[in-house]
Structure formats: C-alpha cells, structure tokens
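**Q** what follows is a predicted structure for the sequence shown.
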Amino acid sequence: QVPLVESGGGLVQAGGSLRLSCAASGRTFSSYAMAWFRRAPGKEREFVAAISWNGGATYYSDSVEGRFTISRDNARDTVYLQMNSLKPEDTADYLCAAKRGWYTDLARDYDYWGQGTQVTVSS
C-alpha cells in the first residue's frame, strides 16, 4: 500500500500559479513512478504529468506542457506539481497516482490514488 494525500489546491485567478503536493507513506516511495491526473465535472479523468522513480524523466500532456512542472523529493516522500499561467479550463480535481516500474499516461495502469485536491481558476 502507498497512501497518498494531496494538498495545495484552491481558488486562483487566470494567469496565476499554484503548487500542489502529494505526500506518500511507506518505505518504497522511491521505487514508484508518480503522476498527476485531473477530473473536471462531467469529464473523464485526464492525464496531466508523470515522473520517473528517480526524477530523471518527466512527461506532460500537450495541454499543460510549458506551464506545469512535475518534480519529486524522495527524501520527503513527496511529489509536486507547479502550475503556472493557469487557465479557467485547468479547473478540476487533481489527483496523484503511483505505480511500480515506468510511468504511463493511462489511469488504469496506476495502482494507488489519492483523494484529490480541488483547483478552481476564475476568469
């Protein structure tokens, strides 16, 4: 088990920034690839960004490339999502996820999920 707890969501104006955190429990955090997904009302869960177990590789969806940055601190068992130049269409519940091995952009591949943190971007 890898319990995950997200934090850092909130209400921000368009063009603003937020930094999300996902804290993990357990001794094997550093062996997991981590990802962020988001779920807007009435929409399917959408891949946002992923990072390899050691932080050496990252991958982003086209919709956030250049605006969002995923990072991790294995000493703190935490993964981050820095979100800049936020747009109203970024409004969603943001969830972090973990899987063994290499990352993918498919939600079904991830074994552990947090409860989510809400991000609302006003125009």
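**A** On my side now, so go ahead.

**Q** secondary structure element for the residue nearest the centre of the chain?
**A** Nearest to the mean C-alpha position of the chain, by Cα atoms, centre = their mean, lies residue 36 at 2.4 Å. Residue 36 belongs to strand 32-39 when assigned by DSSP states H and E.

**Q** in the sheet, which strands lie alongside that strand, parallel or antiparallel?
**A** Taking DSSP bridges as the criterion, strand 32-39 sits next to strand 46-51 (antiparallel), strand 92-100 (antiparallel) in its sheet.

**Q** can you list the ones you listed in CSV and add mean neighbour count, distance to residue 14 and mean pLDDT?
**A** To be clear about C-beta, it is placed using only N, CA and C from the backbone, and glycine gets the same treatment. Below are the strands paired with strand 32-39 laid out as CSV (neighbours: other Cβ atoms under 10 Å; distance: least, Cβ to Cβ, whole Å; pLDDT from 0 to 100):
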stretch, mean neighbour count, distance to residue 14, mean pLDDT
strand 46-51, 22, 18, 98
strand 92-100, 22, 14, 97
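
**Q** would you map the strands across this structure?
**A** Along the chain, counting by DSSP state E, strands occupy 4-7, 10-13, 18-24, 32-39, 46-51, 58-60, 68-73, 78-83, 92-100, 112-113, 117-122.

**Q** which one of those strands lies nearest to residue 106?
**A** strand 46-51 (7.4 Å; Cβ to Cβ).
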